[in-house]
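S.K.: Pasting the sequence and the predicted model now:
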Amino acid sequence: MRLSRVYVDGVLHAGELIELPAAAGVHVAKVLRARSGEELVVFAGDGREFTASIEGVHGSRVTVALGEARAVDRESPLALTLVQCLARADRMDLIVQKATELGVARLVPLQSRRSVMRLDAAQAESKAAHWRAIAASACEQCGRNRLPAIEVPRRLADYLAQPPAGGPRLLLDPDVGASGSAPAILAEAALAEATLAVGPEGGFEAEELEAFRLAKFTGLKLGPRVLRTETAAIAALAWLQSSYGDLRSG
């Protein structure tokens, strides 16, 4: 039987007694209806996980005793960065959740000209915290013991002004050439890292596409149909992980 997993933001040590965070306590006590003596898995995002025994349940407050730490690596050998232009709140939440499940190592939210969501500085910080919570929940579900890095949203121009990260830089563009084959930049048999950029609901403007190309992004077309931004991100990430990462059968 697969044990329920709980993320705790902090430094954990084998043998210590801790109280689960409030939201996790509510879930364990009220949803799972767990009782003293039952076991679950606790992790803090540092690559380790602990089998924990529930010591007490008092209302929604749950205390657990941590067992020995185990280093369990479920990270992809392909370090993927998703550069995602802001979509509507529900769609952006879905992208963060599924990108985490698909093994993305870093997520960079960008404000582009056609982004529906508009954020001031305080809202950007709040949204980043919200998405990190979604990512933590997705890690609980999918078994990851490391959380993806989720940056505070910024302007597209500010991101492109930075020095490029390592590996190929890919830009989803339904109007770029023929589909059905990977661009030459992906010809390497073993790919260690890559960056994927996805536009907002209305797509990129011509000037933005040109800015990406000047920043050494290579256009990638997934197929003959134009996909919604959330579908495009999920489909492209799944394709990259199945081709170069760990999303394989067997």
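M.R.: Now that the structure is in, tell me what you want to look at.

S.K.: residue contacts, the residue nearest the centre of the chain?
M.R.: Central residue of the chain (C-alpha atoms, centre = their mean): Thr100, 2.9 Å from the mean position. Thr100 sits next to 134-135, 138-139, 142, 144, 147-148 when contact means C-beta atoms under 8 Å, 6 or more residues apart in numbering. In this view, the C-beta of every residue, glycine as well, is placed from N, C-alpha and C.

S.K.: Check the gap between it and Gly56 for me.
M.R.: Thr100 sits 31 Å away from Gly56, going by C-beta to C-beta, to the nearest Å.

S.K.: One more: Arg35?
M.R.: 10 Å.

S.K.: Could you do Lys221 as well?
M.R.: Separation of Lys221 from Gly56 (C-beta to C-beta) stands at 56 Å.

S.K.: what's the distance between the residue nearest to the centre of the chain and Ala122?
M.R.: Distance from Thr100 to Ala122, by C-beta to C-beta: 24 Å.

S.K.: doesn't Ala29 fall inside a helix?
M.R.: Yes - Ala29: assigned to a helix according to DSSP: H, G, I helix; E, B strand; the rest coil.

S.K.: Isn't it up against Thr63?
M.R.: No - contact between Ala29 and Thr63 fails when scored by C-beta atoms under 8 Å: they sit 10.9 Å apart.

S.K.: Pull the contacting residues for Arg70.
M.R.: Contact partners of Arg70, counting by C-beta under 8 Å, 6+ apart, are 48-51.

S.K.: ok, now Ser76?
M.R.: So Ser76 contacts 103, 105, 241, 245-247 (C-beta under 8 Å, 6+ apart).

S.K.: helix or strand right after the helix or strand bottoming out on mean pLDDT in the chain?
M.R.: Within the chain, confidence by mean pLDDT, DSSP states H and E is lowest for strand 218-220 among all helices and strands, at a mean of 91. Later in the chain than strand 218-220, the nearest helix or strand by DSSP states H and E is helix 229-244.

S.K.: from the chain's centre, how far out does that following helix sit?
M.R.: Centroid separation for helix 229-244 versus its chain: 12 Å, with C-alpha atoms, centre = their mean, to the nearest Å.

S.K.: buried set for that helix?
M.R.: Going by neighbour count (16 or more other C-beta atoms under 10 Å), the buried part of helix 229-244 is 229-234, 236-241, 244.

S.K.: Stretch 87-98 too?
M.R.: Buried residues in stretch 87-98 (16+ other C-beta under 10 Å): 87, 91-98.

S.K.: packing partners for the helix or strand where Ser126 lies?
M.R.: Assigned by DSSP H and E, Ser126 falls within helix 121-142. Here helix 121-142 touches strand 5-7, helix 89-101, strand 106-111, strand 149-150, going by 3 or more C-beta pairs under 8 Å, 6 or more residues apart in numbering; DSSP states H and E.
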